[in-house]
Structure formats: structure tokens, C-alpha cells
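Q: Just the structure for this:
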Amino acid sequence: MKKIFREFFSFFFLFLLPFIFYLLSSPLQALEQKGMALGLFSKDPQYSYEQDLKEMKEWGITDVLLLVSWYQHDVKSNEIVPLKDEKQDTYTIPDEKLREVIQQAESLGIRTVIFPILRLEVREDKDWRGVIEPSDKDLWWKNYEKFILYYAEIAATEKVSTFSVGSELLSREKETEKWKSLIEKVRKIYPGKLLYSSNWDHYQYPEFWGSLDYIGMTAYHELSKTKKPSLKNLQREWVKIRREVLAWKKKYPRQKLVFTEIGYPSVDGTSMHPWNYFMEGKVDLREQALCYRAFINSWKKVPQLAGVYFWVWWGEGGPQDKSYTPRGKPAARYLQKWYKPVESRGK
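A: Predicted coordinates for the structure are as follows:
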């Protein structure tokens, strides 16, 4: 019997224990798209995003999401148009600037995603693109197709890697045949990968996922009911969400997941309502960092996840900043550890 125990412990220490340590120390899941949304928010036509892109490259970012906006007047409008007055908040980035950013990114070896988004010029309480009800649905679809195909042409000529056919249009998502027709038209123009971005609480409703290459969704999930959450509790919520998403995703085994937007303003209570970009409160860098850690720890080894785009790279950031950017904040460390592991730094 003693001989059996000795042999077992010898086998354990020589073979099993090193393997266990290997598993525990294995690198984080290598994402196909280590992404960040670049805020194209400058109203200065001479502003260059090249330095931003260079810094992003240093962080290990491989893919940049570029949001472009056209507008309809209100939730019942049918017309969808670009707005060119850079002095207004409602503003469409000029094509030449968009192309410049794409080319600058390409020169640095960074892939790009064109992400057209529909916005409203006039909003009443609780109005947003997710509740639009155009008075003439056929005319609205005609104009929406014009909007999407316009940017599909740019995506094709600039050899953009991924293109989105829409974002968070909850009230229109059940018009499956309209979406399939639009996707087919886009594919005739643009040869790259396609996605649609659903809202974090509405991804189960679209029925056209099978026509796309990726299942896209935002990730502004409400993780806590307190302004002082623990890492353990935040991770518990993310594990629950992960299980629900992956269980649903079994219906679409071919498409991998892409989180098109995830972010947290560095404000006290950000884990409660991370989608609330106008949140008031005191600066809270710790809670923002905890939210980053909880997400990364919960999704870092999920092979069904193709990419993540954190919101958003814009502004200087720093310890007094309340915005979403992780620049100059503790959250950056956790992002960089995932995107640029120690063994790849300095190469």
C-alpha cells in the first residue's frame, strides 16, 4: 500500500501538479479583435487622430470602432440625413476626415470598423433610436438603406475589416425581411465581415442573426444596486449574464460574439447604470476599475467571444475625469494586461 501511495504522489508532483500550475498561469484568451471605440468628436477640422491611434497601438489595441452618425428629426420622422455644421452637437464627420482616420489606422497596422448609428435631432423624454416609429415605414426603410449603403461603399473602397448594418434599433428589429434584404444589398458592395449591434437587454429579439458574420451587442448591463459593489459581486453578475448569453447563442453556432460597446464612466454608482452617460456624482476611479476587472475576469477565456470594443477613447482622462475613457486611470492597467500581455510588451 505504501508503494502505491509513493507512486501516486510521485506521479502527482512530477506530472499533475506542473500541469495544474500551467492551467492556472495560462495566458488570457487571445481575442481576434482587441478593440476600442475612437471618439471622432473634435469640431476642429485640422485635428488629427494620428497620435490617438499611436497611443492605442501601444496599449495593444488591434481594432478601432469608428462611429458615424446621420439624423432623423424625431421618432416619427422618415427622412434620414447627414448634418454638416460642426458648430452643432448634431454633427456628421466629413467623409474626408473619416477616410483619413481609416488610412492612418491602417498605416499603424490597426484594423477598423465603420459603425453607422442613427440619432435624433429632437428628443422628448425617453425618446431614443430604440423607440422610433416612422409615419411611413417604407419610406423610412428606403432612407435607412441609403444611409447604410453610403457607408458600405466607403468601407469597401477603404478595405475596412468589419461593417455594422445598424445599432440598437429595437422597434424595427422584428422586420426581419427588411433586414435580410438590406444585408444582401450590403454584401453586393462590401466584401468584409458584417454585424448588427443589439442593445444589451434585447439581443434575443432580432431573427436575422444567421445572415451576419458576428452577433454584436452592447454590454451596458446593470451590475449592482449599490454604489459600493465588491469585485466578487460584480463578477457573480457577469458570470450569470455570460451563462445566459452563451446558452442563447447556441441557436447561432457559426457566429461569434462581439461586444460593440462596453464602458463605465468614472463616477460613483457607474456599476448601477453604466449606460447613463449624463450620470452625476463624485469621481470614482475605483468603481470603474472594478467593473473593468469583473468583465475581463468573467470573459477572458471564452472562445465564443471574438472581440470587445471599450467605450471610449476621447479626452485626456486622468484622476479628476468623470467620463468613460480609461486613459490615465486605474482601469487602463486591466485593459492593457488583457490586450498586451507582459510577454508581448516591448517587442
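
Q: How about the contacts made by the nearest residue to I61 once chain neighbours are set aside?
A: Distances taken as C-beta to C-beta, 6 or more residues apart in numbering place M36 nearest to I61, at 4.9 Å, with adjacent residues excluded. Just so you know, the C-beta spots here come from the backbone N, C-alpha and C atoms, and that holds for glycine as well. Neighbouring residues of M36 by C-beta atoms under 8 Å, 6 or more residues apart in numbering: M56, W59, I61, D63, V64, L65, Y309, F310, V312, W313.

Q: Report the beta-bridge partner residues of M36.
A: V64, F310 (DSSP bridges).

Q: Could you shift the numbering so residue one becomes 23, and keep it that way?
A: Noted, 23 is the first residue going forward, which turns the last one into M58.

Q: For R151, see how far away it is.
A: Noted for M58: a distance of 22 Å to R151, by C-beta to C-beta, to the nearest Å.

Q: Show me the strands in the protein, by range?
A: 55-60, 85-94, 133-142, 184-189, 215-220, 236-240, 278-284, 327-335 (DSSP state E).

Q: Give me the residues contacting the fourth one.
A: Contacts made with strand 184-189 from outside it, assessed by C-beta under 8 Å, 6+ apart, are listed as 55, 85, 133-140, 151, 166, 170, 173-174, 177, 201, 204-205, 208, 212, 214-219, 234-236, 238, 280, 282.

Q: mind checking which helix or strand of the protein has the lowest mean pLDDT?
A: helix 39-46 (a mean of 38; mean pLDDT, DSSP states H and E).

Q: on contacts alone, who are the packing partners of the longest helix along the chain?
A: Criterion DSSP state H: the longest helix present in the chain is helix 159-179. Using 3 or more C-beta pairs under 8 Å, 6 or more residues apart in numbering; DSSP states H and E, the elements in contact with helix 159-179 are strand 85-94, helix 117-129, strand 133-142, strand 184-189, helix 198-211.

Q: ok, 7 Å please
A: The elements that helix 159-179 packs onto, with contact taken as 3 or more C-beta pairs under 7 Å, 6 or more residues apart in numbering; DSSP states H and E, are helix 117-129, strand 133-142, strand 184-189, helix 198-211.

Q: what would these look like in JSON lines with distance to L312?
A: Shown next, in JSON lines, are those (distance: least, C-beta to C-beta, whole Å):
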{"stretch": "helix 117-129", "distance to L312": "31"}
{"stretch": "strand 133-142", "distance to L312": "27"}
{"stretch": "strand 184-189", "distance to L312": "27"}
{"stretch": "helix 198-211", "distance to L312": "37"}
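
Q: Quick check: which of those is buried the most?
A: Ranked by mean neighbour count, the helices and strands packed on helix 159-179 are led by strand 184-189 with a mean of 25 (mean count of other C-beta atoms under 10 Å).
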